[in-house]
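*Asks:* Provided below are the primary sequence and the corresponding predicted coordinates.
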Amino acid sequence: MEKFFGIFSELIKNKIARPVEGYSGPEAKIYDSIQGSFNMEIPFYKSFLNDKKRNVLELGCGTGRLLIEFAKEGCFITGIDNSEDMINICREKSKKLSKKIQSNIEVINSDMGSYKLEKKYDLIIVVINTFQHIITINDKIMVLKTAKKHLNDNGYIIIDTQYLRESAPVKSNISCNLIKTNNNESLYMYQSDFDALTKIEKHNTLQIKFNNKKPNDVIVSSYYLRIDTIQEMESIVEKAGLHITNLYSNWKKEPVKNESRNIIYVLSK
Ligand SMILES: C[S@@+](CC[C@H](N)C(=O)[O-])C[C@H]1O[C@@H](n2cnc3c(N)ncnc32)[C@H](O)[C@@H]1O
């Protein structure tokens with residue numbers, strides 16, 4: 001697959017912008033300012049844990065938005081991410097926590113399809129569309145097979161993602177925001193296009209950094225997301241030797257509705 005596409009490849013070709021990999025360098029640095037520090041999901045995930053079940057594994061933990069909240073709640077959490085830059089930010093944030101909370105956290109730089117840990121977990125989570133970063137069906141099966149090996153017998157794997165329905169095609173999207181980070185300003189543009197044939201959404205981001213109100217760096221990044229139908233996910237889950245225990249449309253555990261784009265898969269052995 002091409003790394004950079006659309007008008008963004010033109011910007012690179014004409015040396016107007018410099019390319020970076022998704023979730024690396026300046027893309028990692030700006031992530032928390034864009035994504036924010038929301039943690040409304042915590043009560044939902046905590047409902048699958050109790051005093052005896054407190055071991056959590058997060059696949060694609062990024063800068064630790066959720067991982068740090070779990071550690072504060074007294075869970076032992078391992079985070080896996082294949083972006084060293086995202087993980088380094090997570091480690092820096094963890095250092096500011098008390099020693100006790102820090103001791104609840106372990107962060108590992110690895111692909112979510114190929115890690116091998118001694119420990120087993122009560123809850124394995126893949127949140128806010130991270131599972132869609134896995135582009136092929138075979139790789140998605142591999143991610144779930146690897147997770148299954150690390151799951152306690154009465155544990156759950158929870159995937160919070162989007163799903164595709166013929167009745168509601170995915171629309172192209174564009175947004176532009178001014179982001180302030182440590183006295184600097186960045187204009188952050190985000191654009192996505194969905195290909196109904198491959199079910200792949202192409203994402204482009206453009207970051208213009210300003211110094212004293214003058215643009216001094218232009219950065220572009222691209223990445224792909226694969227949006228699956230429920231039927232495809234059912235087959236992926238089955239091939240990984242897992243079962244769908246529950247389907248929800250949101251963290252309030254409401255049933256999947258026709259109009260909802262989001263879906264939460266609760267899987268068990
Ligand atoms: C949308 S961010 C979510 C970060 C974090 N979970 C959060 O809720 O803010 C997706 C994360 O998944 C990571 N990621 C993408 N593909 C991955 C893979 N194959 N293996 C491990 N991590 C991956 C990215 O580096 C990024 O940090």
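*Replies:* That came through fine.

*Asks:* from here on, contacts and neighbour counts on C-alpha atoms
*Replies:* Fine.

*Asks:* so where does I30 fall, helix or strand?
*Replies:* Counting by DSSP states H and E, the element that carries I30 is helix 25-35.

*Asks:* tell me if that helix is near the ligand.
*Replies:* No - counting by Cα under 6 Å from any ligand atom, the ligand is not contacted by helix 25-35; separation bottoms out at 6.8 Å.

*Asks:* gap between whichever strand or helix holds I80 and the chain center?
*Replies:* Assigned by DSSP H and E, I80 belongs to strand 76-81. Distance, stretch centre to chain centre, for strand 76-81: 13 Å (Cα atoms, centre = their mean, to the nearest Å).

*Asks:* for it, enumerate the helices and strands it packs against.
*Replies:* strand 55-59, helix 67-72, strand 105-109 (3 or more Cα pairs under 8 Å, 6 or more residues apart in numbering; DSSP states H and E).

*Asks:* counting by contacts, list what the first one packs against.
*Replies:* In this case it means strand 55-59. By 3+ Cα pairs under 8 Å, 6+ apart, strand 55-59 packs against strand 76-81, strand 121-126.

*Asks:* 10 Å - rerun?
*Replies:* Using 3 or more Cα pairs under 10 Å, 6 or more residues apart in numbering; DSSP states H and E, the elements in contact with strand 55-59 are helix 67-72, strand 76-81, strand 105-109, strand 121-126, helix 137-149, strand 151-162.

*Asks:* ok so, going back, okay, the angle between the strand holding I80 and strand 121-126?
*Replies:* Put simply, strand 76-81 runs at 30 degrees to strand 121-126, going by axes from the mean of the first three to the mean of the last three Cα atoms, to 10 degrees.

*Asks:* quick revisit: can the next helix or strand after the helix holding I30 be said to contact the ligand?
*Replies:* The first helix or strand that comes after helix 25-35 along the chain, using DSSP H and E, is helix 42-46. No - using Cα under 6 Å from any ligand atom, helix 42-46 stays clear of the ligand, coming no nearer than 11.2 Å.

*Asks:* in helix 42-46, what's buried?
*Replies:* Y45 (16 or more other Cα atoms under 10 Å).

*Asks:* can you tell me which of the helices and strands packed on strand 55-59 is most buried?
*Replies:* Mean neighbour count (mean count of other Cα atoms under 10 Å) peaks for strand 121-126 among the helices and strands packed on strand 55-59, with a mean of 24.

*Asks:* angle of it against helix 137-149?
*Replies:* 160 degrees.

*Asks:* tell me what strand 121-126 is packed against?
*Replies:* Against strand 121-126 (3+ Cα pairs under 10 Å, 6+ apart) you get helix 42-46, strand 55-59, strand 76-81, helix 137-149, strand 151-162, strand 262-268.

*Asks:* tabulate those (a markdown table), appending distance to V237.
*Replies:* Below are these laid out as a markdown table (distance: least, Cα to Cα, whole Å):
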| stretch | distance to V237 |
| --- | --- |
| helix 42-46 | 20 |
| strand 55-59 | 16 |
| strand 76-81 | 21 |
| helix 137-149 | 7 |
| strand 151-162 | 11 |
| strand 262-268 | 8 |
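
*Asks:* could I get these as TSV with mean pLDDT?
*Replies:* Below are these laid out as TSV (pLDDT from 0 to 100):
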stretch	mean pLDDT
helix 42-46	96
strand 55-59	98
strand 76-81	98
helix 137-149	98
strand 151-162	96
strand 262-268	96
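
*Asks:* these: which one's closest to T181?
*Replies:* strand 76-81 (23.6 Å; Cα to Cα).

*Asks:* is any residue of that closest one near the ligand?
*Replies:* Yes - contact of strand 76-81 with the ligand (Cα under 6 Å from any ligand atom) involves I80, D81.
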